[in-house]
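A.B. asks: What follows is a protein structure lacking sequence information:
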RNA sequence: GGCGCCGUGGCCGAGAGGUUAGGCAGAGGCCUGCAAAGCCUCGUACAGCGGUUCGAAUCCGCUCGGCGCCUCCA
């Protein structure tokens, strides 16, 4: 299997099964319900994990929850910890709606502070970081490869990395330097002890610490949205490599969701929460929607596109109505051809349609289940009273009493079911 | 301004030097008491302009347009 790697800007072959494949995906910063854009890397990572496991790989996936961050302090002055705890629960609850299972580890920054402090100490010992005024900064000048991941190597202007708070700028040796540890400030209601005084971790260091804690000093895949390439992942890489880890061997960066032509982002306020989207469209439609575009490309979120995904869900559902399972060899090869080539889910979706049209039902069911769409293959059983009505309708039709038959059809429809006449009787399908 | 990504038929969206992508919508037909579902048929698309080539949507150059990152962001 090969995947596109941001670092080398090309396709990279994965080791053969059983691997292991250790994956780290960047999860959200938790201070409100996540939006569907946040769901894309989650969905991608879970699908990839399921596919790799299906192919005999030993997979370990860690996906962090960042629960220490300026945004959280701002969103809930005086009770940031409660908000972070609550929003972490929302995150798990909302992503559970997708029915794809959970990553193997979902560490939180607040549970990783000792490891973070150790890592910072190591970087200071190696001359790659320095304390200043209660903060600790990474010394970019001491890490020659800085900028390679994001392609900003050797570009002085682009490498300027001004501090998020201007008042910290004078503490830095170099404007490119970034905070590993931030001294406690007035108004921040959570604080941890450290050799450099009370404070809290900077934004990037927690991922370096968590990845090492749960995956080790080297792992195969690091993923996340492509808006994280710089500075977040560039900084993670510098921290971890600087501390002597090999860190990620390849990087997967998914494209952004677009809403009215702009990236969907909390800071832009053009948000649709994952929860709302699932409630409005149903999980199958949301998953098919994600399948419809290659993971690296941007994807629009619009009613029209969702309606198309919904229609596809309906098409698959119809295929299984009244269908008896038939023994048949599952065509794993066909799916492997497209998924092993940079995890091409739109091609996989096209294959599903092909299987449907050719009656490869067992393959189709297997493929749908792999993507968490197994429910599309389950025909719902109608309640007995509706079956009785449908039975009455069949009798009416047999005696050519079509007025009565049509009346019964409306009655059944009023209860949310549709009758379809087939060769040997009828089918009842939820509307 | 710098670093990247991308422009495919009404819409979504793969593909990638010569061969039908697929789906959604639409039109016609088959089936049906009527429907629904299903099936069949119908689109000759690849931003523009040059170039390379026997041949380009696919390679190269330029132009135009869109998007992301460079500041918290999946």
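C.D. replies: That came through fine. Computed from a predicted model, the values in this text were never measured in an experiment.
A.B. asks: My read is that residue A:284 contacts residue A:374, right?
C.D. replies: No. Between residue A:284 and residue A:374 there is no contact under Cβ atoms under 8 Å: 9.5 Å. For glycine as for every other residue, the C-beta is placed from the backbone atoms N, C-alpha and C.
A.B. asks: Which residues lie in contact with the residue nearest to residue A:227 when sequence neighbours are not counted in this structure?
C.D. replies: Closest residue to residue A:227 apart from its sequence neighbours, by Cβ to Cβ, 6 or more residues apart in numbering: residue A:256 at 6.5 Å. Counting by Cβ atoms under 8 Å, 6 or more residues apart in numbering, residue A:256 touches A:37, A:225, A:226, A:227, A:263, A:264, A:298, A:299.
A.B. asks: could you flag which of those are buried?
C.D. replies: A:37, A:225, A:226, A:263, A:264, A:299 (16 or more other Cβ atoms under 10 Å).
A.B. asks: So for residue A:284 and residue A:374, which sits in the more crowded spot?
C.D. replies: Using other Cβ atoms under 10 Å, the more surrounded residue of residue A:284 and residue A:374 is residue A:284, with 25 against 15.
A.B. asks: excluding its backbone neighbours, what's nearest that one?
C.D. replies: Nearest residue to residue A:284 in three dimensions, chain neighbours excluded: residue A:313, at 4.5 Å (Cβ to Cβ, 6+ apart).
A.B. asks: Hmm, residue A:376 and the one you found touching each other?
C.D. replies: Yes. If you go by Cβ under 8 Å, residue A:313 and residue A:376 touch, sitting 6.1 Å apart.
A.B. asks: I am assuming residue A:258 contacts residue A:297, so please confirm or correct that.
C.D. replies: No. Between residue A:258 and residue A:297 there is no contact under Cβ under 8 Å: 10.4 Å.
A.B. asks: who's more crowded, the two?
C.D. replies: Neighbours were counted for residue A:258 and for residue A:297 using other Cβ under 10 Å; residue A:258 has more, 16 against 10.
A.B. asks: Can you pull the phi/psi pair for the more buried one?
C.D. replies: When read as degrees, to the nearest 10, the backbone of residue A:258 gives phi -120, psi 140.
A.B. asks: In contact with it, which residues are there?
C.D. replies: With contact taken as Cβ under 8 Å, 6+ apart, residue A:258 is in contact with A:264, A:298, A:299, A:300, A:301.
A.B. asks: from the residues you listed, which are also near RNA strand B?
C.D. replies: Restricting the contacts of residue A:258 to those touching RNA strand B (Cβ under 7 Å from any atom of the strand) yields A:264, A:298, A:299, A:300.
A.B. asks: okay if I get the residues you listed as a markdown table plus secondary structure, distance to residue A:180 and pLDDT?
C.D. replies: Output for these, formatted as a markdown table (DSSP: H, G, I helix; E, B strand; the rest coil; distance: Cβ to Cβ, whole Å; pLDDT from 0 to 100):
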| residue | secondary structure | distance to residue A:180 | pLDDT |
| --- | --- | --- | --- |
| A:264 | coil | 30 | 71 |
| A:298 | coil | 32 | 88 |
| A:299 | strand | 34 | 89 |
| A:300 | strand | 38 | 88 |
